[in-house]
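Participant: what would the 3D arrangement of this be:
(chains A and B)
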Amino acid sequence: MSRTSVAPKAVVKASKKKRTTVGAISSNALLIFIAIVLLIPALWMTIAPSKDRAELVTMSPLGFGTFESYITRWQNLLLYDEGAMLRWIENSIWYTSATVILSTTMALLGGFALAAINIKFKRQILILIMIAMIIPTISLVMPTFVWLNVLGLTDTELGLILASSLYPFGVYLSYIHFSTVIPRELYEAAKIDGCGYFKIFRKIAIPISKSLVGILAFFSFVASWNNFFLPQVLILSGEKHPLSSGLTLLFTNTPAFSGNSSAILPIERSEIALSAIIMVIPIAVLFIVSQKFLSRGMLAGSVKS
Amino acid sequence: MRQKRDSTVAGWVMLAPFLIFFIVIAIIPIIFAVLESLRPTIQNEAGGLRNYLNVVQDYRFFAAAKNTFFYLLIAAPLITVVVLGLALLLDSYRAKWHQYVRLAYLIPGCYVGAAGVLVWYGALEPIIGPFRSILNFFGIESMGQIFLPNNLVFIFAMMALVSNAGGWIVVQFGGLQEISDEVIEAAKIDGCSNFQLATKIKLPLIKKNVVYMVVLVIAASVQIFAEPYIVTSAIFRGIAVDWSLNQLSYSLAFTEGDFASASAVSIILLISCLIPALILIFKTKFFESGDESK
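Facilitator: Residues are numbered from 1 along each chain as shown, chains lettered A, B, ... in the order given. Next up, the predicted model:
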């Protein structure tokens, strides 16, 4: 895997080595500089709720206020629309879990069927799936609204969960996985032993594909948790919003950005920062935990080897 | 024979949930949106394709299309160049601690929508933001000096870069690691410099991944909605009303109740994403390994 360890050192001439060192130092400096610049605004947002309105201005931007301040900010946030924050969090958890379970299950079953079983129109179905995975889901939002309106499912949890659960990328990913990772002979052998496809799926394919299940759930979770346009269009009543579209309501309906300090609600930029942190934490934790999976999953299209 | 039929039935049963979903959540909505887009409007009582002409001639359509197009023109090359540059640097000078650098690049990808806009608000804020001394040094004392209508396209492109680059760097870096050591060593023995190695050997070898990324970035850019919508409705009221085509579609539907025109705009957007998708699949053979039937 590592290229440097097998490099024959003698080949690299001394002068070249020197140049490489200069190159390495300046490249690494650049890489680190960019990382720091990217992390500073995130750090600022994380620290902002530790300070009140005045301290945000008077203290150093990255200076830390107090831990108690986070609690005060949280209590202030709860004043908005009788604790709407809590309902949004609850909704986000519920919508996202339902979507992850539904979309991952369908992706696993569909991908397995396409990989293990010779069905008619397989090629055509795969092409459809590929088209669907390239077109951003956002382009289907308005059509979905028009259609769910006909069904009377706008502004319903069911409508939002169903519309979020379309996961062609997941089907493709598990198709690639099941047709490369699991040798075809295994399917044949299991079949000869009188194992039905559902049994192969449950007893063999899934148990040896834990990483696939993880990747599928990961991408589905991130997409559903962060989805903004879909709930923004489908959800009309305040109490049904998830965090993503709820926060936009909060940003719009509080004095945080209008600068109008005489407004009734004590929701300022510190409170807004806390609300954003709450939205980001689950995703950030997931990113950090599953960084290693990411490249494998996102490269699905070309890793068939 | 019997067994074959059983297996086919099992295959369709397993595929059915997704296929039914696909038809109900993607195909039927598109058909309905097409039908809706042809319905009579206040301007055009006859309905039909004339709706598309009307919507394209709407003065807001041209402005939104122009914004969306310039945004695409800036964001797509910017993301491509930065991602490839950084991925190649990470690949050329490998170090164990780079995993933390890659993680740092991924972090901004967590901030999307409202949270993403807030982080950018902070980064560009000259009074409370973390870069205030730098901004003040350049004479920027208020947000109004940065959030000008003409700057928006650059701000949104930067947002897209910062939130998407990390994920794509991980992808392209992964692709670069797949290149075999022998190829790299052979090139080095032939006297290839690091730069030549990157442009003449590595990039051509990961061409497929690059094309895949460019197509996905283009398709996503065309659909920009969240950032301009949140900026104009929450941060600087009215600065980016109907700035992108998706915003226009949204306004047509929810402020004017004109679902026919809104659907027409969304169908135009859908087609403009469908074209790169079809090119990717049928012209570049990106997925050729995937659609072979065994």
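
Participant: every contact and neighbour count from this point should use C-alpha atoms.
Facilitator: Noted.

Participant: give the contact list for A:I134.
Facilitator: For A:I134, the residues meeting the contact criterion (Cα atoms under 8 Å, 6 or more residues apart in numbering or on different chains) are B:V215, B:L216, B:A219, B:A277.

Participant: name the element the first one belongs to?
Facilitator: Translated: B:V215. In this structure, B:V215 is located in helix B:207-222 according to DSSP states H and E.

Participant: quick revisit: could you dump the contacts of A:I134 into a markdown table with distance to B:I23 and pLDDT added?
Facilitator: Formatted as a markdown table, the contacts of A:I134 follow (distance: Cα to Cα, whole Å; pLDDT from 0 to 100):
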| residue | distance to B:I23 | pLDDT |
| --- | --- | --- |
| B:V215 | 24 | 88 |
| B:L216 | 23 | 88 |
| B:A219 | 22 | 88 |
| B:A277 | 19 | 85 |
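
Participant: could those residues go into JSON lines alongside distance to A:S69 and neighbour count?
Facilitator: Shown next, in JSON lines, are those (distance: Cα to Cα, whole Å; neighbours: other Cα atoms under 10 Å in any protein chain shown):
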{"residue": "B:V215", "distance to A:S69": "45", "neighbour count": "21"}
{"residue": "B:L216", "distance to A:S69": "42", "neighbour count": "20"}
{"residue": "B:A219", "distance to A:S69": "42", "neighbour count": "25"}
{"residue": "B:A277", "distance to A:S69": "49", "neighbour count": "23"}
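
Participant: how about these in CSV, adding distance to chain A?
Facilitator: Formatted as CSV, the contacts of A:I134 follow (distance: Cα to the nearest Cα, whole Å):
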residue, distance to chain A
B:V215, 8
B:L216, 6
B:A219, 6
B:A277, 6
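
Participant: between the residues you listed, which is nearest A:I235?
Facilitator: Using Cα to Cα, B:A219 is the member of the contacts of A:I134 that sits closest to A:I235, with 25.1 Å.

Participant: the closest one contacts A:I138, doesn't it?
Facilitator: No - the criterion here is Cα atoms under 8 Å, and B:A219 misses it with A:I138 at 10.1 Å.

Participant: just to revisit the earlier point, state the mean pLDDT of the helix or strand following the helix holding B:V215.
Facilitator: Scanning forward in sequence from helix B:207-222, with DSSP H and E defining helices and strands, the next element found is helix B:226-230. Confidence over helix B:226-230 (mean pLDDT, whole number) is 93.

Participant: returning to that earlier point: quick one: contacts of the helix holding B:V215?
Facilitator: Helix B:207-222 is touched from outside by A:134-136, A:299, A:302, B:68-69, B:71-72, B:75-76, B:80, B:168, B:172, B:175, B:269, B:272-273, B:276-277, B:280, B:284, B:286, with contacts defined as Cα under 8 Å, 6+ apart.

Participant: hmm, 6 Å instead?
Facilitator: The set of residues that contact helix B:207-222 without belonging to it, under Cα atoms under 6 Å, 6 or more residues apart in numbering or on different chains, is A:P136, B:L72, B:C273.

Participant: got these as JSON lines, with pLDDT columns?
Facilitator: Listed next are the contacts of helix B:207-222 as JSON lines, based on pLDDT from 0 to 100:
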{"residue": "A:P136", "pLDDT": "83"}
{"residue": "B:L72", "pLDDT": "95"}
{"residue": "B:C273", "pLDDT": "89"}
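
Participant: quick one: which of those residues is most hemmed in?
Facilitator: Highest neighbour count within the contacts of helix B:207-222, by other Cα atoms under 10 Å in any protein chain shown: B:C273, with 24 neighbours.
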